[in-house]
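Trainee: Quick check, what structure comes out for this input:
(2 chains)
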Amino acid sequence: MTTPMVHASQVRKSFGPLEVLRGIDLDVAPGEVVVVLGPSGSGKSTFLRCVNHLESIDGGSIHVAGELIGHRVHGRTVHHLRPSRITAQRRHIGMVFQQFNLFPHLTVLGNIIEAPVGVAGAAKADALRHARELLDRVGLAEKADAYPKQLSGGQQQRVAIARALAMRPKLMLFDEPTSALDPELVGEVLQTMKKLAEDGLTMVVVTHEIGFAREVADRVVFMDGGVIVEQGPPAEVLDNPRTERTKAFLNQVR
Amino acid sequence: MLHDSPPIEGTEIDVAGARKVRHPWRWVASVVLLVLLAQLVHMLVTNENFEWGVVASYLNAQIIGQGLLMTLELTVIAMFIGILGGVLVAIGRLSENPLLRAVCSGYVWFFRGTPLLVQLVFWYNMSALMPQLSIGIPFGPAFAQFETNSVITPMTAAILGLGLNEIAYMAEIVRGGLITVDGGQQEAAAALGMGRGRTLRRIVLPQAMRFIVPPTGSQVINMAKATSLVSVIALADLLYTVQSVYNRTFQTIPLLLVACIWYLVITSVLYIGQSFIERHYAKGSTRAAPQGFLAFALLRRRKPVRSE
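Mentor: So this is what the prediction gives:
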């Protein structure tokens, strides 16, 4: 068996007295697309943010591509990693945010080449060539020199996807990528994500788009109350949910 | 009643030729202002106590130029210290280290809470507090010792006083700018594998600059004028120089006018420079660039679009 791209084991996380993740076990195979569904407050976004250590975890462990995230094992003790090592680990994990978080003072190209040139040490000419390829891939080749504020929400999110891809990530995390978009702009972003999935990118997607889950996901994970309630192929989970909680949630979002 | 007159029967209403609203009070206010301005000009021209001839003769005098240079030098050095130190103290106040946060807050509290004039006199009199300064191991042996009076000249006292005070104000301005940048920006940078230093330099500070530059501009203008306080510690800046002249010639008013004219020249140049810097950092924001001094001075207005 190959090393899973994500291997989460008994992940626990609290914000003060509030226990947000209560023992999450999840493996994601290379090339797999996993869609995480669940009501707000179920911990799904928090879990996603733990995978690239934007949030630290309080217990359990997360491996990405076989590498322990945020910690190292020395003999029989586990140590926290120093910030510079955590920073380095994140370079292989792309993330797309609900609010896009593009850098408003940089052009589209500037946004995309910032990390490859500044962090990964790519030559500027190579980074620019790669950036234009990526813009072509997300269908925004003509917007290379625009500033983020001059783009629609859907275009901004597609630039954000290109920006994450510029680091050639092994894994892409999507945190409600269409939730901040006007309804008519959701489709273009989902279409872009579908293309990435077809190209074989490993993706973990937190979303409320049931249609996307049905069409693109290899596996749907339903979370509630900080635990995984149910998971399986989309047809199974979405059409024949086994638990009442899943049923109730699906009835609400449909 | 909503209408002054009944709608015109049988015709489509077209507002294109509508009469403008009249503003009689604007005319009244303008006339009053013009009269006051005329009085002011009349007074400036006819009052012989201004001694404009003396003003003209001293405006270019070499001794005044030396004072002017000192004022400019102090402004540049003190602002350089203030901006550099201000960034460091601002970062310290946002640090995760509670002791560093407390020390930086305490610094701002002390230097903003005591008058600049008092601080200047204090630095000037350092030798009364510590006759000797030494460099060495804390609480241990000293490697080198200096007489305080040989180190703290009026110039160093002025630079210390103005610079350390400015750090406190700049720290608050920089901190204010840094916290306006959305936290999502740092998260996005972190997710791309950028370290904290790089994120601050490349992502956060450039965005914060839009909020830092305008108040920093007023700080520079304030500093250019605040340097006049160093005249109390006998440093020959612009004000001290004119004072030294009128103490000899008793031409107090014209020489103060010479100083005022030069301070106005300095602050006007600074203001123009500021508007250029502001435009640079407005990149990527949809908000229109602020109207600059030149455009304003030349009465350039954004003309309303007219259709034929």
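Trainee: For the residue nearest to the spatial centre of chain A, which non-adjacent residue is closest in space?
Mentor: The geometric centre of chain A, computed from its C-alpha atoms, lies nearest to residue A:173 (Cα atoms, centre = their mean), at 1.0 Å. In space, and not counting its chain neighbours, residue A:173 is closest to residue A:95: 4.6 Å by Cβ to Cβ, 6 or more residues apart in numbering or on different chains. C-beta coordinates here come from the backbone N, C-alpha and C atoms, glycine included.
Trainee: Burial check on whichever residue of the stretch 201-308 of chain B sits closest to chain A, number of neighbours?
Mentor: Residue nearest to chain A within the stretch 201-308 of chain B: residue B:284 (4.2 Å; Cβ to the nearest Cβ). By the measure other Cβ atoms under 10 Å in any protein chain shown, the count of residues near residue B:284 is 20.
Trainee: Look at residue 239 and say how many residues are nearby.
Mentor: Looking at chain A here, since you left the chain open. Per other Cβ under 10 Å, the neighbour tally for residue A:239 reads 10.
Trainee: Please refer instead to chain B.
Mentor: By other Cβ under 10 Å, 25 other residues sit near residue B:239.
Trainee: what's the closest non-adjacent residue to it?
Mentor: Take residue B:239 and drop its neighbours on the chain: the residue closest to it by Cβ to Cβ, 6+ apart is residue B:228, 4.0 Å away.
Trainee: Hmm, residue B:237 and the one you found touching each other?
Mentor: Yes - counting by Cβ atoms under 8 Å, residue B:237 is a contact partner of residue B:228 at 6.4 Å.
Trainee: Overlap of the contact sets of these two?
Mentor: Shared contacts of residue B:228 and residue B:237, defined by Cβ atoms under 8 Å, 6 or more residues apart in numbering or on different chains, are found at residue B:71.
Trainee: So for those two, which sits in the more crowded spot?
Mentor: A count of neighbours by other Cβ under 10 Å puts residue B:237 above the other of residue B:228 and residue B:237, at 25 against 18.
Trainee: show me what contacts that one?
Mentor: Residue B:237 neighbours (Cβ under 8 Å, 6+ apart): B:67, B:70, B:71, B:74, B:227, B:228, B:230, B:231.
Trainee: Separate out the buried members of those.
Mentor: Neighbour-count burial (16 or more other Cβ atoms under 10 Å in any protein chain shown) applied to these gives B:67, B:70, B:71, B:74, B:227, B:228, B:230, B:231.
Trainee: TSV for the residues you listed, including pLDDT?
Mentor: Shown next, in TSV, are those (pLDDT from 0 to 100):
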residue	pLDDT
B:67	93
B:70	94
B:71	94
B:74	95
B:227	93
B:228	93
B:230	92
B:231	91
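Trainee: Dump those residues to a markdown table, plus distance to residue A:42 and secondary structure.
Mentor: Listed next are the buried ones among the contacts of residue B:237 as a markdown table, based on distance: Cβ to Cβ, whole Å; DSSP: H, G, I helix; E, B strand; the rest coil:
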| residue | distance to residue A:42 | secondary structure |
| --- | --- | --- |
| B:67 | 71 | helix |
| B:70 | 67 | helix |
| B:71 | 64 | helix |
| B:74 | 61 | helix |
| B:227 | 61 | helix |
| B:228 | 64 | helix |
| B:230 | 64 | helix |
| B:231 | 68 | helix |
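Trainee: Pipe those into TSV and attach distance to residue A:207 per row.
Mentor: Output for the buried ones among the contacts of residue B:237, formatted as TSV (distance: Cβ to Cβ, whole Å):
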residue	distance to residue A:207
B:67	69
B:70	65
B:71	62
B:74	60
B:227	60
B:228	63
B:230	64
B:231	68
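Trainee: Among these, which one sits closest to residue A:67?
Mentor: Ranked by distance to residue A:67 (Cβ to Cβ), those are led by residue B:74 at 55.5 Å.
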